[in-house]
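> Make a model of this:
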Amino acid sequence: MDNTVPSSDLYVAAMLLSAAGDALGYRNQLWEYCKSGAQIHSELKELGGLQNITASLPDWPVSDDTVLHLATGESLATGKLDEELYQELARRYVAAMSDMEGRKPGPTSILGTSQLHPGKPGGYRIPFNPTATGCGAAMRAMCIGLRFPRPSDLQQLVAVSVESGKMTHNHPTGYLGSLASALFTALAVQRVPLEMWGLRLLEALPLAQDYIRSTGSDVECHLEVWEYFRESWERYLSERGLSQGSGHAVFPSQYGPAERDKEYARWCLDDWAGRSGHDAPMIAYDALLGAGDSWEELCSRSMFHGGDSDSTGVIAGSCWGALHGLSGVPEGNYSQLEYRDRLENVAKSLHKLAWPGH
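Alright, predicted model coming up:
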């Protein structure tokens, strides 16, 4: 698969539809904080359905998710690597916090960026945080998979996703969500069958643990709480019949908005589905498995539910875009997005860096 070069259009779609998933799931705070997927679907119908939505300002801004995803992408687009890249990421994460009016950044992201000291030796590292289990690292990491998309890039993808995630969410449940989002996007680029993605994530976890050990920083603290993420994913894959990475996903016989709200709530850590590092990518993955090539179905499952719907939407949208491009997506859902130019520029820059000469 190393020799398969994806179109730059797929990269553009991955960035645009991540922001579309964010804006649609957020709905200027109205839907992110709605606890009923059935209510959201009812309100969507009143709006004339997905086809009738033009995701543009002032009613459909992007949230903190896209602002921080852009910070990640624009850092990667500099072409820097290793320590230089980590300092760049820290600098841009700190700077991004000045663009949070009305975007509802999470308290852990606020705390984490306040502890960063970009430019100083090791200034991109913050203390271990026993409560930093949220999805703030997962929601901004998809573009790491665009930058490091090949199987041969896996070690680099692991290192960058873990280090970038730790800059705010220095807890395995938090930063392993960053690994999941980055890896899933890379697997989409590689055209790995969806049914294999969960197993590939489990196979990458030992690499992430080895990387944590190599840092020599609070290693025992990380290892003490490591298993929750792995066990959560093993349980989910078992329920979907995908523990071996083959076959078809098994869903409940009744799986509409109300049933999905109950299912997603079973997976969550703190009574808000999709809010944590393990279940934001899990809900996005579940939606991808069930949606096929239907953008509308993807939105129904990943963006219009009674949980952290912008964070699950931003991940699902990016992966779906990398798989399917913009085909079948109502133009209004992405054509007038806030920061569209920046999103497209990042996508094209990452494509050039990941696939030089193409």
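
> C-alpha only now, for contacts and for neighbours.
OK.

> OK, contacts around residue 343?
Listed by C-alpha atoms under 8 Å, 6 or more residues apart in numbering, the contact set of residue 343 reads 12, 15-16, 70.

> now these in JSON lines, with distance to residue 152 and neighbour count?
Formatted as JSON lines, the contacts of residue 343 follow (distance: C-alpha to C-alpha, whole Å; neighbours: other C-alpha atoms under 10 Å):
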{"residue": "12", "distance to residue 152": "23", "neighbour count": "26"}
{"residue": "15", "distance to residue 152": "23", "neighbour count": "31"}
{"residue": "16", "distance to residue 152": "26", "neighbour count": "31"}
{"residue": "70", "distance to residue 152": "25", "neighbour count": "25"}
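
> Columns pLDDT on top of those residues, output as CSV?
As requested, those are exported to CSV (pLDDT from 0 to 100):
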residue, pLDDT
12, 98
15, 99
16, 99
70, 99
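
> Nearest to residue 195 among the residues you listed?
Distance ranking of the contacts of residue 343 against residue 195, using C-alpha to C-alpha, places residue 15 first at 22.9 Å.

> quick one on the thing from earlier: could you single out the nearest of the contacts of residue 343 to residue 162?
Of all those, the one with the least separation from residue 162 (C-alpha to C-alpha) is residue 70, at 17.4 Å.

> Next step: the contacts of residue 343 restricted to helices.
12, 15-16, 70 (DSSP state H).

> tally of neighbours for residue 300?
Taking other C-alpha atoms under 10 Å as the neighbour definition, residue 300 ends up with a count of 22.

> Now do the contacts for residue 293.
Taking C-alpha under 8 Å, 6+ apart as the contact definition, residue 293 lies against residue 324.

> Low-confidence ranges, the protein, go.
Residues of the chain that meet the criterion pLDDT under 70 lie in 1-3.

> pretty sure residue 21 contacts residue 316?
Yes. Taking contact to mean C-alpha atoms under 8 Å, the distance of 7.3 Å between residue 21 and residue 316 places them in contact.

> which of these two has more neighbours?
Neighbours per residue (other C-alpha under 10 Å) separate residue 21 from residue 316, with residue 316 holding more: 35 against 30.

> following the host helix or strand of the more buried one, which helix or strand comes up?
In this structure, residue 316 sits in helix 309-324 according to DSSP states H and E. Following the chain from helix 309-324 toward its C-terminal end, the next helix or strand by DSSP H and E is helix 340-354.

> Could you list the buried residues of stretch 239-253?
Of all the residues in stretch 239-253, those buried under the rule 16 or more other C-alpha atoms under 10 Å are 240-243, 245, 249.

> correction: stretch 208-227
Applying a neighbour-count criterion of 16+ other C-alpha under 10 Å, one finds 208-209, 211-212, 222, 226 buried in stretch 208-227.

> what's the answer for stretch 249-265, then?
249, 257, 260-261, 264-265.

> Of the residues you listed, which is the nearest to residue 329?
Here the nearest of the buried residues of stretch 249-265 to residue 329, counting by C-alpha to C-alpha, is residue 257; it sits at 20.9 Å.

> What is the burial count for residue 327?
Counted with other C-alpha under 10 Å, the burial measure for residue 327 works out to 12 neighbours.

> where does it fall, phi/psi-wise?
Residue 327 adopts backbone torsions of phi -60, psi 130, taken as degrees, to the nearest 10.

> any idea how far residue 10 is from it?
Residue 327 sits 10 Å away from residue 10 when distances are taken as C-alpha to C-alpha, to the nearest Å.
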